[in-house]
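Asks: Build me a model:
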Amino acid sequence: MRYLIISLILILLTSCRYDFAGFVSPPSKTVETRFEESMQLNTSDTVISLPSISYQMAFCSDVHVNDRAHNLHLFLNEVKKNKDILATAILGDITDMPGGMFIAKDTITSAKLDIPIKYVVGNHDLYFDQWEDFKECFGSASYYFIMQADTVSDLFIVLDSGSGTIGKKQLAWLEDILKSRRSLHRHCVVLTHTHFWDSEMSQFPTGNFPVEETAVLTNLFTKYGVDLVLSGHDHKAEVKMFNDVCYIVTDAIHDGVEKWSYLIVKFDEKIDYTFCNM
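Replies: The predicted model follows:
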């Protein structure tokens, strides 16, 4: 038994995605507390005006900014060059070290994008008590925004899944939004960090949602006609259809990977997507 325990510890410590330091310094605030604080930051609806009912958005994830943010800089430059992209989002794990949030923020500010940037909190963003840094740099972690053209609008819902669960209060909030607002919009997209189909546990205890919660969430998404669920976390791009909902996981773009991709989604009467390799 002793050798088995030692072997398991070694496997966890040597896993390329396992953050031992982060594991022993979990978030000091629960998802319930973070959700309440996010709601206090949400003072009004965010509506982004569009010139056309057809537009593009770019998405990336798992930047893991350390002392530099080279790949993040490259991603932002690609977005800036593409004039068809009218908004972008980072799907969590912006950093994994104290102070990294501010390096990421400086990198984003220096890029001088003239389009909205949305942020999702990831599990690594909460290690070392960085929730306060996330709020200072990027604001709320649970919110929605609307992409609005003259005659058409799309609803985007952003979830705080950094603890591997969205919690009871956020679940009730999500269900209320879907119930009261989904029918008012053409498309509905959910942005989260933790995804639904993780097959291994190197990110324990935030590897993926509990089985029961996965069932509840995926049933809600199908019931209310969510078109697309975007997430990161697994460091590997993947596309899966489940019960008429498209689930897309994006690549990691941290500086430790030589080949990576970001995602462009085109929203029109139907939704198309492309992985752009770097």
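
Asks: C-alpha from now on. contacts and neighbour counts both.
Replies: OK.

Asks: hey, where'd the strands end up in the stretch 51-200 of the chain?
Replies: Along the stretch 51-200 of the chain, counting by DSSP state E, counting those that start in this stretch, strands occupy 55-60, 85-90, 117-119, 143-148, 153-158, 188-191.

Asks: how much space between the residue most central in space within the chain and Ser52?
Replies: Centroid-nearest residue in the chain, with CA atoms, centre = their mean: Leu91, separated by 2.5 Å. Taking CA to CA, to the nearest Å as the measure, Leu91 falls 25 Å from Ser52.

Asks: and what of Tyr127?
Replies: In terms of CA to CA, Tyr127 sits 40 Å off from Ser52.

Asks: do the same with Asp84
Replies: Applying CA to CA to Asp84 and Ser52 gives a distance of 11 Å.

Asks: do Thr165 as well
Replies: Look at Thr165 and Ser52: by CA to CA, they are 36 Å apart.

Asks: which of the two has more neighbours?
Replies: Using other CA atoms under 10 Å as the criterion, Thr165 and Ser52 rank with Thr165 on top: 21 against 12.

Asks: ok, the nearest residue to that one once chain neighbours are set aside - how many residues close by?
Replies: Ranked by CA to CA, 6 or more residues apart in numbering and with sequence neighbours excluded, the top spatial neighbour of Thr165 is Phe209, at 5.6 Å. Neighbourhood size, Phe209 [other CA under 10 Å]: 21.

Asks: Local confidence estimate at Phe209?
Replies: Note for Phe209: predicted pLDDT of 76.

Asks: again with Phe23
Replies: For Phe23, the pLDDT comes out at 48.

Asks: swap in the one 5 residues further on?
Replies: In the prediction, the pLDDT value recorded for Ser28 is 60.

Asks: again, but for Gly167
Replies: 96.

Asks: now swap in Phe204 and tell me
Replies: If you check Phe204, the pLDDT there is 49.

Asks: Please renumber the chain so that the first residue is 35 from this point on.
Replies: New numbering, starting at 35: the last item is Phe238.

Asks: Can you tell me the SS state at Phe255?
Replies: helix (DSSP: H, G, I helix; E, B strand; the rest coil).

Asks: Nearest residue to it in space, ignoring adjacent ones along the chain?
Replies: That would be Val279: by CA to CA, 6+ apart, it lies 7.2 Å from Phe255.

Asks: Was I right to think the one you found contacts Leu264?
Replies: No: using CA atoms under 8 Å, Val279 is not in contact with Leu264; the gap is 10.8 Å.

Asks: So the two - more neighbours on which side?
Replies: Leu264 (23 against 18).

Asks: hang on, that one in a strand?
Replies: Yes: applying three-state DSSP, one finds Leu264 inside a strand.

Asks: what is Ile124 paired to in the beta sheet?
Replies: Beta-bridge partners for Ile124, by DSSP bridges, are Cys94, Tyr153.

Asks: What residues does it make contact with?
Replies: Phe93, Cys94, Ser95, Ile151, Lys152, Tyr153, Val154 (CA atoms under 8 Å, 6 or more residues apart in numbering).

Asks: from what I can see the fifth one touches Gly126, true?
Replies: Translated: Lys152. No: assessed by CA under 8 Å, Lys152 is found out of contact with Gly126, at 10.2 Å.
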